[in-house]
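A.B. asks: predicted model and sequence below, questions to follow.
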Amino acid sequence: MLRLEKLVKTYKTGDQALKAVDLNVPEGQVLALIGPSGAGKSTLIRCINRLVEPTSGSVFLGDVDLTRLSMSALRRQRRRMGMIFQEYALVERLTVMENVLSGRLGYVGFWRSFLRKYPQSDVDEAFRLLDRVGLAHMADKRADELSGGQRQRVGICRALIQDPALLLVDEPTASLDPKTSRQIMRLICELCKERGLAAIINIHDVALAQMFVQRVIGLRFGAVEFDGLPEGLTPEVLTTIYGEEDWEATIEKVDEDEALA
Amino acid sequence: MPVRDLKGRQVWQRRTGRESLLHWVMWLIGVAVFAYCWQQISASTTWFFVWDAPRIANDIWTRATPPRWEYITQLGKPIWDTLNIATLGTILALIMAVPIAFLAARNTTPSKYVVRPIALLIIVSTRSINSLIWALLLIAIIGPGVFAGVIAIAIRSIGFCAKLLYEAIEEIDETQVEAITATGASRWQVMAYGIVPQILPAFAGIAVFRWDINIRESTVLGLVGAGGIGLQLSSSLNVLAWPQVSLILLVILAAVIISEWVSAKVRGAII
């Protein structure tokens, strides 16, 4: 469903963030992208919806090559890709409802969106989503009144109301406490399953990734070092991705978690 | 280097020996220049007038008090004009400043090398000329009266408002803009959802602040014939009607205090 072919990103400074990355994501697959800071994880998902322009290579969403689209055609394709951010990236001074409805901006004309005259079907869907993530009572609150976990739920609603085929998730749990992190990851994965969405989740927490995803990609210096099942993340593999370290604790923690679950 | 090795111990000082010497020399030069200027000014002052000043001031004070209270009936219309000049001028300035600010901000300008310098030039040139001078120019062009005052205030305020606003635009949180862009929003929608909510408090603050300044500025515009209470002030000064002058100053003071109070209230409500 999503296919990257020889995707290269070289920044103006000369740093090569992505070195000819090939990747194929089938429909409905949730995969985690792990790797050390600076490995190019954020660049990779931003190159998919062209928040960062790739230097060369192609990104196919279905049959469409996103890298060759004009601005207006790209906007139509962006509607099919919901994005969730590390620091939530909600518009702080707007209400929760406005933030969720802003996910419909790609479908609604300028004046309708400016005057907040969204179609009733969008508003219904917004309430349904807020109810699904347990925030229906918060619709009228301003985004900056919410806690971290609540904000990320609003961010998830904003991505889902786009009715996407793919979720691009950038460090969804990096600013959250361990318990909220798990809840958010569980929520994202459940919603992907419910709606048959594919997702690429950038994540630092290897144990958390192993708990929830079907496939793990390890990125190091802009190249894919590992591609396989979460169980395949042995200490040797983690060493090739991150460098030398004692990995036993990280992996043991996962077993414990599974025993509890 | 401020860290030196002294018999095997690391010694840290704020400045090296050379730096402190340089510092000392700079201070010496500064003080010398100050003393020289002081001497020059004192040499070219006619001290007789200065010694005379308290007597003259006392003289004007006795002539100006008490203010001619009945004159207030003629001041209602001029002070109303003054308020209108300030308010309309500020509104006009804001209408023109908003697009200029978006063109001047690094993260929203359509072209860094053509449009941005033009926008910056507008900001600098409108800011660098005092509103009294704008008023003099405009009176020559469109004739004396309130309208010239409004336009003078508006032009003078464009640069001020646009500069503060574009700085606010450059300081926005880009991830919120990214998030709105990622939904497939158009350029205008990104502006309305990603940028405008973030700069709205700054915008309101700038608007009241400039309105507050403009009330002060518009009180003097009448001195050159651009309408408002300054016209009364200048004619009273010309005929040496000191009791009227003192009343006008009291009225201006009251207007400024009220505007101060209003803008403090508005700013408090936004933040």
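C.D. replies: Ah, there it is. Numbers count the residues shown, from 1 in each chain, chains lettered A, B, ... in the order given.
A.B. asks: skipping adjacent residues, who's closest to whatever residue of chain A ends up closest to chain B in space?
C.D. replies: Across chain A, the shortest distance to chain B (CB to the nearest CB) belongs to A:G106, at 2.7 Å. (Each C-beta comes from the backbone N, C-alpha and C, glycine too.) In space, and not counting its chain neighbours, A:G106 is closest to B:G184: 2.7 Å by CB to CB, 6 or more residues apart in numbering or on different chains.
A.B. asks: surely that neighbour is in contact with A:A73?
C.D. replies: No. With contact defined as CB atoms under 8 Å, B:G184 does not reach A:A73; the gap is 10.6 Å.
A.B. asks: for the chain, just list every one of the helices.
C.D. replies: All of this refers to chain A. A:41-48, A:71-78, A:96-101, A:110-114, A:120-132, A:148-160, A:178-195, A:206-212, A:235-242, A:248-260 (DSSP state H).
A.B. asks: meant chain B, my bad for not saying
C.D. replies: B:17-43, B:47-64, B:76-104, B:115-128, B:131-142, B:146-170, B:174-182, B:187-190, B:196-221, B:229-238, B:242-270.
A.B. asks: count the neighbours of residue 243 for me.
C.D. replies: Because you didn't say which chain, this covers chain A. Using other CB atoms under 10 Å in any protein chain shown, A:G243 has 9 neighbouring residues.
A.B. asks: my question was about chain B
C.D. replies: 17.
A.B. asks: picking that back up, right, and the helices of chain B - which one's nearest A:T173?
C.D. replies: Nearest of the helices of chain B to A:T173, taken as CB to CB: helix B:174-182 at 16.3 Å.
A.B. asks: so who does B:H23 touch?
C.D. replies: Taking CB atoms under 8 Å, 6 or more residues apart in numbering or on different chains as the criterion, B:H23 is in contact with B:R15.
A.B. asks: show the pLDDT at it.
C.D. replies: At B:H23 the predicted local distance difference test score is 92.
A.B. asks: touching, B:V245 and B:T65? I think so.
C.D. replies: No. Using CB under 8 Å, B:V245 is not in contact with B:T65; the gap is 10.9 Å.
A.B. asks: looking at those two, which is more packed in?
C.D. replies: The residue with more neighbours, out of B:V245 and B:T65, is B:V245; 22 against 10, by other CB under 10 Å.
A.B. asks: excluding sequence neighbours, find me the nearest residue to that one.
C.D. replies: B:S236 (4.9 Å).
A.B. asks: let me know the average pLDDT across stretch A:23-30.
C.D. replies: On average, the pLDDT along stretch A:23-30 is 91.
A.B. asks: scratch that, stretch B:97-111
C.D. replies: Stretch B:97-111 comes out with an average pLDDT of 92.
A.B. asks: any stretches of the chain with poor pLDDT?
C.D. replies: I'll assume chain A. Residues of chain A meeting the criterion pLDDT under 70: A:249, A:251-261.
A.B. asks: wrong one, I was asking about chain B
C.D. replies: Confidence mapping of chain B against pLDDT under 70 gives the ranges B:1, B:271.
A.B. asks: okay, now the residue nearest to B:V245: neighbour count?
C.D. replies: 19.
A.B. asks: quick check, it in contact with B:S246.
C.D. replies: No. Counting by CB under 8 Å, B:S236 stays clear of B:S246, with 9.4 Å between them.
A.B. asks: looking at the helices of chain B, which is closest to A:G134?
C.D. replies: The nearest among these, by CB to CB, is helix B:174-182 at 21.5 Å.
A.B. asks: do that closest one and chain A come into contact?
C.D. replies: Yes. Applying CB under 8 Å from any CB of the partner chain, one finds helix B:174-182 touching chain A at B:T175, B:Q176, B:E178, B:A179, B:I180, B:T181, B:A182.
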